[in-house]
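Undergrad: coordinates only, sequence not included:
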């Protein structure tokens, strides 16, 4: 196994779980990032749009806080085909909108609620991701 | 109430984004390593999900015994009961996109801090995907 980082993973997961729990406890909302971001575009009221935009701004700020505290921990990837990244974004946007959620909404919140829909979605996107990475890395030899 | 909700959204978003950094999920290689069973498999993400679930599983149970959230009048929970074709097709397309570049939506935003073009491109086309879905699926 490569670059296994169990303590960082547990600590990061703890922060994510606490964040999702606080959002539910305080605002009554599910911390599903794709749904929050997508909903910000189509919100019917400015109140609804405001909290969504602020949550997403928070995500960006949180990322910057991490990088400011640990500037050398993670290096940006270089040389990966941007066309693949762009195609990936399109699939992620369309797919999460159609499938009502992503890793956070289905994975952290849905599984936490023992939702069968979220379990089905999580197993499906994990399977699709595993097959895709196999093709990308080991058949087409991209990114290794 | 509204301003409290907004502050809560900003703070929980920041905690989530910081957590994605700590978990190293803003590194797309880390994501692809997790999904790479025939290469350098890295199990870290299972621990991220496990720890997050360990908190949310118990917290959700306690929270939902309350009448209402602290700063809002009601809990907004997903209500669709059944697995349907949209869910499975959507999750498949999402999984393909996730593996293709190593980003899901949360890390896409938090990874902007790494000053690389990748998250910028990813977020722009992800938004295009949201819009495309709106016009194709819900006319």
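TA: Sure, I can see it. Worth saying up front: this structure is predicted, and the values here are computed from it rather than measured. Numbering: from 1, shown residues only, chains lettered A, B, ... in the order given.
Undergrad: rest of the way, CA atoms for contacts and neighbours
TA: Noted.
Undergrad: how about low-confidence regions in the chain?
TA: You didn't say which chain, so I picked chain A. Residue ranges of chain A with pLDDT under 70: A:1-2.
Undergrad: sorry, I should have been clearer: chain B.
TA: Counting by pLDDT under 70, chain B has low-confidence residues at B:138-139.
Undergrad: any chance you could list what contacts stretch A:137-144?
TA: The contact list for stretch A:137-144 (Cα atoms under 8 Å, 6 or more residues apart in numbering or on different chains) reads A:80, A:136.
Undergrad: next one: that stretch to chain centre, how far?
TA: Between the centre of stretch A:137-144 and the centre of its host chain there is 23 Å, according to Cα atoms, centre = their mean, to the nearest Å.
Undergrad: so which bits of stretch A:63-78 are buried?
TA: By 16 or more other Cα atoms under 10 Å in any protein chain shown, the buried positions in stretch A:63-78 come out as A:63, A:64, A:65, A:66, A:67, A:74, A:76.
Undergrad: any idea which residue sits dead centre in chain B?
TA: Compute the mean C-alpha point of chain B, and by Cα atoms, centre = their mean the closest residue is residue B:106, 4.6 Å away.
Undergrad: could you dump the buried residues of stretch A:63-78 into CSV with secondary structure added?
TA: As requested, those are exported to CSV (DSSP: H, G, I helix; E, B strand; the rest coil):
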residue, secondary structure
A:63, helix
A:64, helix
A:65, helix
A:66, helix
A:67, helix
A:74, coil
A:76, coil
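Undergrad: adding distance to residue B:68, write these out as TSV.
TA: Putting the buried residues of stretch A:63-78 into TSV (distance: Cα to Cα, whole Å) gives the following:
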residue	distance to residue B:68
A:63	31
A:64	33
A:65	32
A:66	33
A:67	36
A:74	40
A:76	42
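Undergrad: filter these down to the ones close to chain B.
TA: For chain B, the contacts drawn from the buried residues of stretch A:63-78 by Cα under 8 Å from any Cα of the partner chain are A:63, A:64, A:65, A:66, A:67, A:74, A:76.
Undergrad: farthest-apart pair in the residues you listed, please.
TA: Among these, the pair separated by the greatest distance (Cα to Cα) is A:65 and A:76, at 15.9 Å.
Undergrad: residues near the closest residue in space to residue B:124 that isn't next to it in sequence, how many?
TA: Counting by Cα to Cα, 6 or more residues apart in numbering or on different chains, residue B:124 lies nearest to residue A:89, which is 7.4 Å off, once chain neighbours are set aside. Per other Cα atoms under 10 Å in any protein chain shown, the neighbour tally for residue A:89 reads 34.
Undergrad: so which strand or helix has residue A:89?
TA: If you go by DSSP states H and E, residue A:89 is part of helix A:82-98.
Undergrad: output the contacting helices and strands for that helix.
TA: Helix A:82-98 sits against helix A:33-42, helix B:85-101, helix B:117-137, with contacts defined as 3 or more Cα pairs under 8 Å, 6 or more residues apart in numbering or on different chains; DSSP states H and E.
Undergrad: hey, where'd the helices end up in chain A?
TA: A:6-27, A:33-42, A:46-69, A:82-98, A:111-112, A:116-133 (DSSP state H).
Undergrad: which positions within the longest one qualify as buried?
TA: For helix A:46-69, the neighbour count (16+ other Cα under 10 Å) marks A:48-67 as buried.
Undergrad: so it versus helix A:6-27, what angle?
TA: Per axes from the mean of the first three to the mean of the last three Cα atoms, to 10 degrees, the angle that helix A:46-69 makes with helix A:6-27 is 160 degrees.
Undergrad: contacts for helix A:46-69, please.
TA: Against helix A:46-69 from outside (Cα under 8 Å, 6+ apart): A:33, A:36-37, A:39-41, A:43, A:73-74, B:2, B:5-6, B:9-22, B:106, B:109-114.
Undergrad: for that helix, what is the distance to the chain centroid?
TA: In terms of Cα atoms, centre = their mean, the centre of helix A:46-69 is found 14 Å from the chain centre.
Undergrad: now the angle from that helix to helix A:33-42?
TA: If you take the same axes, to 10 degrees, helix A:46-69 sits at 130 degrees to helix A:33-42.
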